[in-house]
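# could you look at this predicted model? Sequence included:
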Amino acid sequence: MDATALNRQVEGLAAAHQRLLSALDPIEGGGLTDEMVRRPSRLPDWTVGHVLAHLARNADSMTAMTRAAERGDVIDQYPGGVARRNADIEVGAGRPARDILSDLRRSIYELEGTWAAAREAWFGRGRLVTGSEVPISDLPLRRWREIEVHAGDLGLAEFGLDGTDSWSVDYVRHDLAIMSMQWKARGSMGLTDLPVQVLRLEPARRLGWLLGRVEVDGVPSAGMVG
């Protein structure tokens, strides 16, 4: 476990959490409305409400895995697997904006509080919905990626939450290096570089291609994280 990298990821995530909450639920009016949560998001078949419900359930899943690891246990990210995860998101998406935001805020602060109190958990593991086991210390980056990328998936241009332009510079710089390294590691002797057309893109769009959020003419999808 790289403690320096972990600290940076936790700090970056906390800032991303606050940016999202502040944009959707500002102190002085003009926040998320019931009409907005019914809008289509950038993700196929998902509304804005679906994306926000997913972010809340994702936080809860990481809280549960961390608490289990603190006890020395390894548990599934979503009890009931993909079917239960999807059902919970579907139910959550249909609520009023106020309830969706309240749930999201609660889930965020519960997760941050759990990580602040964790000790042994950082040396434990959790089982993702894919079935693979990962170190708990991997979760802050995974969550940071979820928040930044799905904030862009909301498609709420009036809040600055629309596509790769909404991703923070710190997140892009951090995750672009990691995702580019993973891309190269898949090639022969780990020396395969990104396609030339992708290298010409500005950093956020380059990362967007790696994460399946940007299409580049003449270049197949990265086939990595969806």
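Alright, I've got the coordinates.

# only C-alpha atoms for contact and neighbour calcs from this point on.
Noted.

# now do Ala3, the pLDDT please.
Model confidence at Ala3, given as pLDDT, is 88.

# wait, I meant Gly226
44.

# for this structure, which spans come out with low pLDDT?
188-191, 225-226 (pLDDT under 70).

# can you give me the strands in it?
Taking DSSP state E to define them, one finds strands in the chain at 125-127, 133-135.

# got JSON lines for these, with mean neighbour count too?
Below are the strands of the chain laid out as JSON lines (neighbours: other CA atoms under 10 Å):
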{"stretch": "strand 125-127", "mean neighbour count": "22"}
{"stretch": "strand 133-135", "mean neighbour count": "15"}
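
# redo these as a markdown table? Include distance to Gly223.
Listed next are those as a markdown table, based on distance: least, CA to CA, whole Å:
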| stretch | distance to Gly223 |
| --- | --- |
| strand 125-127 | 22 |
| strand 133-135 | 20 |
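
# who's in contact with Ile178?
Ile178 makes contact with no residue, according to CA atoms under 8 Å, 6 or more residues apart in numbering.

# please report how far it lies from Ala3.
Distance of Ile178 to Ala3, given as CA to CA, to the nearest Å: 16 Å.

# please apply the same query to Thr164.
Distance, Thr164 to Ala3, using CA to CA: 28 Å.

# ranges for the helices of the protein?
Ranges of helices within the chain are 3-24, 34-37, 48-70, 81-93, 97-117, 139-153, 169-185, 196-199, 203-210, based on DSSP state H.

# could I get these as a markdown table with distance to Val219?
What follows is the helices of the chain, written out as a markdown table (distance: least, CA to CA, whole Å):
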| stretch | distance to Val219 |
| --- | --- |
| helix 3-24 | 30 |
| helix 34-37 | 33 |
| helix 48-70 | 28 |
| helix 81-93 | 31 |
| helix 97-117 | 36 |
| helix 139-153 | 21 |
| helix 169-185 | 14 |
| helix 196-199 | 8 |
| helix 203-210 | 10 |
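
# what about Arg142, neighbour count?
If you count neighbours by other CA atoms under 10 Å, Arg142 ends up with 14.

# repeat for Leu161
When counting by other CA under 10 Å, one arrives at 23 neighbours for Leu161.

# check contacts around it.
Contacts for Leu161 were tallied using CA under 8 Å, 6+ apart; they are Ala151, Gly152, Asp153, Leu154, Gly155.

# quick one, domains of the chain?
The domain map for the chain lists 3-166, 168-226, with the assignment taken from automatic domain parsing.

# got a markdown table for the contacts of Leu161, with neighbour count and distance to Gln182 too?
Formatted as a markdown table, the contacts of Leu161 follow (neighbours: other CA atoms under 10 Å; distance: CA to CA, whole Å):
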| residue | neighbour count | distance to Gln182 |
| --- | --- | --- |
| Ala151 | 27 | 23 |
| Gly152 | 22 | 23 |
| Asp153 | 24 | 23 |
| Leu154 | 27 | 27 |
| Gly155 | 21 | 28 |
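
# ok, so of those residues, who is nearest Val198?
Closest approach between the contacts of Leu161 and Val198, by CA to CA: Gly152, at 19.6 Å.
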